[in-house]
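Peer 1: Compute the structure for the input listed below.
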Amino acid sequence: MKILIIGGTRFLGRHLVNAARVRGHAVTLFNRGQSNPNLFLQVDKIQGDREKDLDQLAGQNWDAVIDTCGYVPRIVKMSAEALKEKVENYVFISSISVYADFSKIGINESDAVGTLEDESQEEITGESYGPLKALCEKAVQDIFGIRSLIIRPGLIVGPHDPTDRFTYWPVRVARGGDVFAPDRPEVLTQIIDVRDLARFIIDLVEQNVSGVFNATGPDHELSFGRLLDTCKLIGNSNAKFKWAPLEFLNQHQVSAWSDMPAWLPDNGEDAGFARVNVAKAINAGLKFLSLEETVHDTLEWANSRPVDHEWRAGLREAREKELLTLLESYVQ
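Peer 2: Here you go, the predicted model:
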């Protein structure tokens, strides 16, 4: 097959390229050439900005396009319109953040998505990100109809993750000692290894599948305690986990998702965030690497980065020590 990937040199994009090429597909990248420009030197590339340079796609045709970096509905619509006669199928990478109500346990693909009062707004914030993604989905579906495939991933993890939203844990736990941990061991989380996601997407493209799929995992409930215990095992660590109650986290302004990556409270409006239903994707062939393999490979990759890597998520060492001291007094 001939596959056009919009993006293709960062996290999910680079793994999609690898997954497609290992199957023998011909890949073309369309991006600005700013991220990892020396990656995939043997792959065809079209350099351009998707907002201004779509005319550079003229004269070519592909079996499918995978849009990995669409965030603004107006721009996604421009891309879809420019490609409607040039590709058979449009794959849009969305997010489970599109859903309107995460208090529900077992959100599935038919549940309502978030909306914006002003659909012309383009500023991406924590509140607008999901509804903007939902409008991007609609733009693709309006133009491609049954030739569209919408993928809604959860937290994507694994090697080359630029966000550190999972990588923090394997690295921090491997360092050992007292580790500040959120809430309680039983609280759930959901993640998907980027390599599993990439292979699943290429599978669907090959099978000419359309529709909407939640894509997170694993295929069983994953507790934060098991996640950290696995990090401890793989890192051959002496870590001791110090679980901070939700009241303590709130009192000391320890932020979910940023200070404590991959974690959200499992009550109230976030009760269903780590219980999204992925049965449809599993029935369509989504398979999962073991948690041990994901942690191992993430840690191995993270250890190859420069020692002065600037972390984008997780607690800084001094802040963690401060919180551990406060927590010791709190629980006595």
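
Peer 1: residue ranges with poor pLDDT in the stretch 101-250 of the chain?
Peer 2: Within the stretch 101-250 of the chain, no stretch has pLDDT under 70.

Peer 1: Please, where are all the helices along it?
Peer 2: Assigned by DSSP state H, counting those that start in this stretch, the helices in the stretch 101-250 of the chain fall at 129-144, 168-175, 194-206, 224-234, 246-251.

Peer 1: who does the fourth one touch, helix- and strand-wise?
Peer 2: Translated: helix 224-234. helix 168-175, strand 178-182, strand 188-189, helix 291-302 (3 or more Cβ pairs under 8 Å, 6 or more residues apart in numbering; DSSP states H and E). Every residue, glycine included, has its C-beta placed from N, CA and C.

Peer 1: circling back: I'd like the helices of the stretch 101-250 of the chain as TSV, with distance to P37 appended.
Peer 2: Formatted as TSV, these follow (distance: least, Cβ to Cβ, whole Å):
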stretch	distance to P37
helix 129-144	26
helix 168-175	27
helix 194-206	21
helix 224-234	33
helix 246-251	41
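
Peer 1: residues contacting the residue nearest the centre of the chain?
Peer 2: By Cα atoms, centre = their mean, the chain has its centre lying nearest to I156, at 3.1 Å. With contact taken as Cβ atoms under 8 Å, 6 or more residues apart in numbering, I156 is in contact with F11, L12, I191, I192, D193, V194, L197.

Peer 1: circling back to that earlier point, which one of the helices and strands packed on helix 224-234 lies closest to K232?
Peer 2: Closest to K232 of the helices and strands packed on helix 224-234, according to Cβ to Cβ: helix 168-175, at 5.3 Å.

Peer 1: If you count neighbours, what's buried in that closest one?
Peer 2: Of the residues in helix 168-175, Y168, W169, P170, V171, R172, V173, A174 count as buried by neighbour count, 16 or more other Cβ atoms under 10 Å.

Peer 1: Next: stretch 118-132.
Peer 2: Result for stretch 118-132 [16+ other Cβ under 10 Å]: buried residues S128, Y129, G130, P131, L132.

Peer 1: Repeat that for stretch 57-67.
Peer 2: L57, W62, D63, A64, V65, I66, D67.

Peer 1: Ends of it, what's the gap?
Peer 2: Using Cα to Cα, to the nearest Å, the end-to-end distance of stretch 57-67 comes out at 14 Å.

Peer 1: Do a quick rundown of the strands in this protein.
Peer 2: Applying DSSP state E to the chain gives strands spanning 2-6, 26-31, 44-47, 62-67, 87-93, 148-153, 155-157, 178-182, 188-189, 191-193, 211-215, 222-223, 240-244.

Peer 1: Next, the angle from the last one to helix 168-175.
Peer 2: Interaxial angle, strand 240-244 versus helix 168-175 (axes from the mean of the first three to the mean of the last three Cα atoms, to 10 degrees): 130 degrees.

Peer 1: who does strand 240-244 touch, helix- and strand-wise?
Peer 2: Judged by 3+ Cβ pairs under 8 Å, 6+ apart, the packing partners of strand 240-244 are strand 178-182, helix 317-331.

Peer 1: Return the first one as PDB; C-alpha atoms alone will do.
Peer 2: Presented in PDB, the C-alpha positions along strand 178-182 are these (Å, rounded to 0.1, in the frame of the first residue of the first chain):
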ATOM      1  CA  ASP A 178      11.300   6.500  49.200                       C
ATOM      2  CA  VAL A 179       9.000   7.200  46.200                       C
ATOM      3  CA  PHE A 180       6.100   9.600  46.600                       C
ATOM      4  CA  ALA A 181       3.100   7.900  45.000                       C
ATOM      5  CA  PRO A 182      -0.500   9.200  44.400                       C
END
